[in-house]
Each structure stands twice: as structure tokens, then as C-alpha cells.
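In: One predicted model, sequence on top.
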Amino acid sequence: MADTLPSLTLVLGGQRSGKSGYAESLLSGGAVYLATGHATDEEMAERIQAHQDRRGEGWITVEEQIDIVHALTQAKKLYADKPVIIDSLGMWVSNMLHAQKSPVVEAEIVAEAMLKHPAPVIVVSEEVGLGVIPMNAVARSFVDALGFVNQITAAQASRVVLVVAGLPQELKNQ
């Protein structure tokens, strides 16, 4: 199925919308799973383990919280024929902000690297533009940054899907 995928697909959705499961279902034979999250507490460790258990065998997990371009370069060298899932841009934006780096500035470079990858890349990201405006500056900064990163990535993607309650809704297909 990976050979019928466009070079870059963006899968958006809210928390527990089914976006990661949908992205994984596009790659029945496994892929490189570029995980941007890391276990900061027991509950997050359980979430990560549940993702890994759901994927099963045939998946190569690469953990990288900040340097997606480097991780894609390494995946290209080691697994050029394998598609890549990046899960998630929201976690990456959070990690970048925590490291006092600008994810919006880096987003164009990251999108370009995704497009240059020799196999299809599927990016999972949280859709944060449907909620209320957060009450504090840190949360507003995150929502703003992720919103811009999602827009930059969507502009470069050939296909964009929004997953709501486990139901994929195609927003763009070129």
C-alpha cells in the first residue's frame, strides 16, 4: 500500500481521535516510526507502550524529540525503502518550545526534508485550532506555534486527512 501513498501525507486529529491508528493503517507492512514523544512520567510511558503494542512487529522505532531532519537523514541511510511515520508534530513543537527553539522557523526545513525522503512520509499532528483560546501565555504560545507548523506542513503535503471520532475526513488530495 505504501507505493500508492503520496510523498507526504498529514494526518490531523484531536486527542484520542484515532489519528495515529489511522496513519498506521496506511502502512500494513510496517515502517520506520519516528517517535517525538518521550516518557516523562508513568502515564506517558503507558501511552508509548500502548502505541508500540498496537503496531506489533515489522515496525522500526526511532526516537527523536528535536532533530527530525537528522532522524530522517538517518532513516534514509539505513532504511531508504521504508516509509516513515512521524508521530507527532504536536509533541515536537512542545519539545522545541521547551528547548527554547522556534518550531515555526524550523517547520519549512522539516517539511522539505520530509518531501525529499525517498519513501512516503506520514506525519501525525494534533489539531488544536478547534478549541477555546487558552487562559495562559505558555498554552497560547503552543497552540499558535502548532497551528502555524500544521499550516506549513499541510501546504507541502499532497494529502491531508482529519480524523474525528475514528472517522477519516479527506481535506486535500492532489
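Out: Perfect, I can see it now. Numbers count the residues shown, from 1 in each chain.

In: from here on, contacts and neighbour counts on C-alpha atoms
Out: Will do.

In: And the strands in this structure?
Out: Applying DSSP state E to the chain gives strands spanning 8-13, 32-35, 60-63, 84-87, 121-126, 159-164, 167-173.

In: would you turn those strands into a markdown table with mean pLDDT and distance to Thr73?
Out: Shown next, in a markdown table, are these (pLDDT from 0 to 100; distance: least, CA to CA, whole Å):
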| stretch | mean pLDDT | distance to Thr73 |
| --- | --- | --- |
| strand 8-13 | 98 | 16 |
| strand 32-35 | 95 | 12 |
| strand 60-63 | 93 | 12 |
| strand 84-87 | 97 | 11 |
| strand 121-126 | 98 | 13 |
| strand 159-164 | 98 | 22 |
| strand 167-173 | 98 | 26 |
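
In: Can you name the residues that contact Ser88?
Out: For Ser88, the contacting residues are 35-37, 123-126, by CA atoms under 8 Å, 6 or more residues apart in numbering.

In: give me every residue that touches Asp87.
Out: 20, 33-37, 123-125.

In: picking that back up, including distance to Leu72, could the strands of the chain go into a markdown table?
Out: Shown next, in a markdown table, are the strands of the chain (distance: least, CA to CA, whole Å):
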| stretch | distance to Leu72 |
| --- | --- |
| strand 8-13 | 13 |
| strand 32-35 | 8 |
| strand 60-63 | 10 |
| strand 84-87 | 8 |
| strand 121-126 | 10 |
| strand 159-164 | 20 |
| strand 167-173 | 24 |
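
In: for the ones you listed, which one sits closest to Val104?
Out: strand 121-126 (14.2 Å; CA to CA).

In: in its sheet, what does the closest one sit against?
Out: Strand 121-126 pairs in its sheet with strand 8-13 (parallel), strand 84-87 (parallel), by DSSP bridges.
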